[in-house]
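**Student:** would you be able to build a 3D model of this:
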Amino acid sequence: MNKYETHFKRPYELLDKTIESVISGGNQVLDLGSSSGTVASMVDRHHRNCLVHCVDIDKESLGRIEEHPLDSTRTLSYPSDTNEFLTSSGLSGLDAITINATLHEINNPSNQRDYLRFFLESCKEKMKESGSIVVGDYYYPPHVSDEDVAEYMRQQLEEIGHADSREKFVLPSLIWEMVLESGLYVTKQIEIPAVKGIDRRYYNIIIRGKENGN
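**Tutor:** Here you go, the predicted model:
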């Protein structure tokens with residue numbers, strides 16, 4: 001089985017369904033941690049005439065987005081650190097903000113509450129009151145042993161050259177807590193087993209600026 005099938009197929013399938021359900025035609029979307037444009041491609045597949053602002057610190061990945069124009073979705077690329085972009089960007093009136101497999105890379109594991117407070121308040125400033133935030137990421141439930149996590153990380157390093165310790169991941173329960181504190185609303189959480197052989201989970205959490213999106 002190839003690397004995509006092993007490590008990414010199930011999460012990408014879920015994310016694709018979430019993007020289809022949350023984004024609408026003509027929306028303006030901010031995608032944080034865009035890499036080579038997975039979210040923009042999903043938006044383009046399901047909805048027409050959207051604008052996706054793609055942010056990533058990796059200029060080479062953003063260049064691949066620009067090299068392959070999408071059908072009806074326009075993209076603007078910002079080679080920037082995500083946190084710097086959230087602090088300094090003047091974008092506003094966004095219909096949706098997406099962040100997939102990136103939150104664990106940019107938060108401070110020692111003080112995730114403060115970081116989530118910053119992140120959610122920054123998103124609130126940039127999106128419409130009726131807008132949405134889609135958070136996609138991984139975590140290991142408490143019953144998974146540190147030894148099993150270490151073994152899976154070893155496998156990841158061998159197969160894809162990258163692995164994250166469990167401490168970096170943000171638990172869904174903490175996101176819920178901080179969303180409520182910020183005056184936003186969680187409207188849905190979908191969670192699936194991400195891979196075979198270990199209980200590593202992938203979740204999509206849909207956050208609205210107004211309850212029920214109304």
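
**Student:** tell me the first helix or strand C-terminal of the least confident helix or strand in the chain by mean pLDDT.
**Tutor:** Ranking every helix and strand in the chain by mean pLDDT, DSSP states H and E puts helix 3 at the bottom, with a mean of 77. Remark: after helix 3, the chain's next helix or strand is helix 9-22, criterion DSSP states H and E.

**Student:** and V29, what are its bridge partners?
**Tutor:** Here V29 sits in beta bridges with V52, A96, going by DSSP bridges.

**Student:** list the contacts for it?
**Tutor:** V29 is in contact with 23, 39-40, 43, 50-53, 94-98, counting by Cβ atoms under 8 Å, 6 or more residues apart in numbering. To be clear about C-beta, it is placed using only N, CA and C from the backbone, and glycine gets the same treatment.

**Student:** what distance do you get for it to I23?
**Tutor:** Going from V29 to I23 by Cβ to Cβ, to the nearest Å gives 6 Å.

**Student:** which residues do those two both contact?
**Tutor:** Listed as contacting both V29 and I23 by Cβ under 8 Å, 6+ apart are V43, C50, D95, A96.

**Student:** tell me how many other residues crowd the second one.
**Tutor:** It refers to C50. Neighbour count for C50, taken as other Cβ atoms under 10 Å: 23.

**Student:** check contacts around it.
**Tutor:** Shown in contact with C50 (Cβ under 8 Å, 6+ apart): I23, G25, G26, N27, Q28, V29, V43, D44, S72, T73, R74.

**Student:** and the strand or helix carrying Y202, what does it pack against?
**Tutor:** Assessed by DSSP H and E, Y202 sits inside strand 201-208. Applying 3 or more Cβ pairs under 8 Å, 6 or more residues apart in numbering; DSSP states H and E, one finds that strand 201-208 makes contact with helix 9-22, strand 127-139, helix 172-182, strand 185-193.

**Student:** going by neighbour count, list what's buried in the shortest one.
**Tutor:** Judged by neighbour count (16 or more other Cβ atoms under 10 Å), strand 185-193 contains these buried residues: V186.

**Student:** listing partners with orientation, what would you give for it?
**Tutor:** With DSSP bridges as the test, strand 185-193 is paired with strand 201-208 (antiparallel).

**Student:** need the residues that contact the partner strand.
**Tutor:** Under Cβ under 8 Å, 6+ apart, the answer for strand 201-208 is 10-11, 14-15, 18, 22, 120, 130-141, 172, 175-176, 179, 184-194.

**Student:** that strand to helix 172-182, inter-axis angle?
**Tutor:** Relative orientation of strand 201-208 and helix 172-182, computed by axes from the mean of the first three to the mean of the last three Cα atoms, to 10 degrees: 10 degrees.

**Student:** C-alpha coordinates for strand 201-208, CSV please?
**Tutor:** C-alpha atoms of strand 201-208 as CSV (Å, rounded to 0.1, in the frame of the first residue of the first chain):
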residue,chain,number,x,y,z
ARG,A,201,-7.8,9.7,15.2
TYR,A,202,-8.5,12.5,12.7
TYR,A,203,-11.3,15.0,13.4
ASN,A,204,-13.1,17.8,11.6
ILE,A,205,-14.6,20.5,13.9
ILE,A,206,-16.9,23.0,12.3
ILE,A,207,-17.1,26.3,14.2
ARG,A,208,-19.6,29.0,13.4
